[in-house]
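Engineer: have a look; sequence and predicted model below, questions after that.
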Amino acid sequence: MSTAVRVRGLRKEYPSQAAVAGIELDIRHGEVFALLGPNGAGKTTTVEILEGHRRRTAGTAEVLGEDPGTAGHAWRARIGIVLQTATDAAELTVLETVRHFAKYYPDPRVPEEVIDQVGLTEKAGARVKSLSGGQRRRVDVALGIVGRPELLFLDEPTTGFDPAARRQFWTLIEGLAQEGTTILLTTHYLEEVEALADRLAVLTGGKIVAEGTPATLGGRERAEAIVRWRDERGSHEERTPFPTKLVTQLSGAGRELAGLTVTRPSLEDIYLNLIEEKS
Ligand SMILES: Nc1ncnc2c1ncn2[C@@H]1O[C@H](COP(=O)(O)OP(=O)(O)OP(=O)(O)O)[C@@H](O)[C@H]1O
């Protein structure tokens, strides 16, 4: 797989602080990559530089083979963007809005199909300004994908979605990924990362502090398991790298262990540890 996004030594300095303080990033074609980090970590700044919407102070960035700071219309037609702030509520209907945006692209998706994919078919004839916040966010997603982008930027795409809409959105993203779309996602939802991302990077204070797959981030796969059980002496908890061995010993000759659970740290546990260590 070749590289869709390549970033070296990326910096963005404001008079008061460095919002991005030297980032290296490689995202392969067809990959779903998540950027995570607390508020103010530099995620949106990074993504906006890669979209060509913000100038960098130093470093290099290559997105679909071009420098986003100087790339032109043809490049812009190959990327899709869902910004953090919702589309201005217009007088146009959902269908009119999606049709309007489709005209900017050389090979757009069929507007009605896109509206169906984001679950807004019943609202196709409604004015965008009459929609709820979560429904408007779905319009944003529709506008981000109508141009059939090779690379899709999603900045906190599911904020304001109800749980069912979020699941539906994940299915949509999985479908786009299967078609080969490269996706760069920022989100605060760890379960979203677990469901969608092939790889992720954690950003704090403008720096990448960890990178990996959801299963391996921060040594997650090597983390000790916690075994909990109860017996006549009370509740017990033991940490061990070998939970199967411990459970086998405890259960002896088939003895049933009351309240037995074996847990490993969740992605959220790992993430929160990383953030705490670095702050
Ligand atoms: N135009 C600006 N002028 C000065 N500082 C800015 C500007 N834009 C962003 N910053 C600062 O840069 C830092 C990074 O902001 P950024 O929006 O990239 O964070 P983020 O990780 O996307 O946060 P969130 O999760 O809240 O969206 C913040 O401290 C922010 O205050």
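Structural biologist: Looks like it came in fine.

Engineer: check the offset of the host helix or strand of residue 135 from the chain's centre.
Structural biologist: In this structure, residue 135 sits in helix 133-145 according to DSSP states H and E. The chain centre lies 16 Å from the centre of helix 133-145; the measure is C-alpha atoms, centre = their mean, to the nearest Å.

Engineer: let me see the mean pLDDT of the next helix or strand after that helix.
Structural biologist: Following helix 133-145 in sequence order, the next helix or strand is strand 151-155 (DSSP H and E). Mean pLDDT, computed over strand 151-155, is 94.

Engineer: only alpha carbons, please: show whichever helix or strand comes after strand 151-155 as PDB.
Structural biologist: For strand 151-155, the following helix or strand on the C-terminal side (DSSP H and E) is helix 163-178. Only the C-alpha atoms of helix 163-178 are listed here, as PDB (Å, rounded to 0.1, in the frame of the first residue of the first chain):
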ATOM      1  CA  PRO A 163     -26.900   5.700  19.400                       C
ATOM      2  CA  ALA A 164     -28.900   4.300  16.500                       C
ATOM      3  CA  ALA A 165     -27.700   7.000  14.100                       C
ATOM      4  CA  ARG A 166     -24.100   6.400  15.300                       C
ATOM      5  CA  ARG A 167     -24.300   2.700  14.500                       C
ATOM      6  CA  GLN A 168     -25.800   3.500  11.100                       C
ATOM      7  CA  PHE A 169     -22.900   6.000  10.500                       C
ATOM      8  CA  TRP A 170     -20.400   3.300  11.400                       C
ATOM      9  CA  THR A 171     -21.900   0.900   8.800                       C
ATOM     10  CA  LEU A 172     -21.700   3.700   6.200                       C
ATOM     11  CA  ILE A 173     -18.000   4.300   7.100                       C
ATOM     12  CA  GLU A 174     -17.200   0.600   6.900                       C
ATOM     13  CA  GLY A 175     -18.800   0.500   3.500                       C
ATOM     14  CA  LEU A 176     -16.700   3.400   2.300                       C
ATOM     15  CA  ALA A 177     -13.600   1.800   3.700                       C
ATOM     16  CA  GLN A 178     -14.400  -1.400   1.900                       C
END
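
Engineer: what angle do the helix or strand just after helix 163-178 and strand 151-155 make?
Structural biologist: Sequence-wise, the next helix or strand downstream of helix 163-178 (DSSP H and E) is strand 182-186. With axes from the mean of the first three to the mean of the last three C-alpha atoms, to 10 degrees as the basis, strand 182-186 and strand 151-155 are set at 10 degrees to each other.

Engineer: by contact count, what packs against strand 182-186?
Structural biologist: Where contact means 3 or more C-beta pairs under 8 Å, 6 or more residues apart in numbering; DSSP states H and E, strand 182-186 is packed against strand 3-13, strand 18-28, strand 32-36, helix 43-51, strand 151-155, helix 163-178, helix 190-196. Backbone N, C-alpha and C define where each C-beta goes, glycine included.
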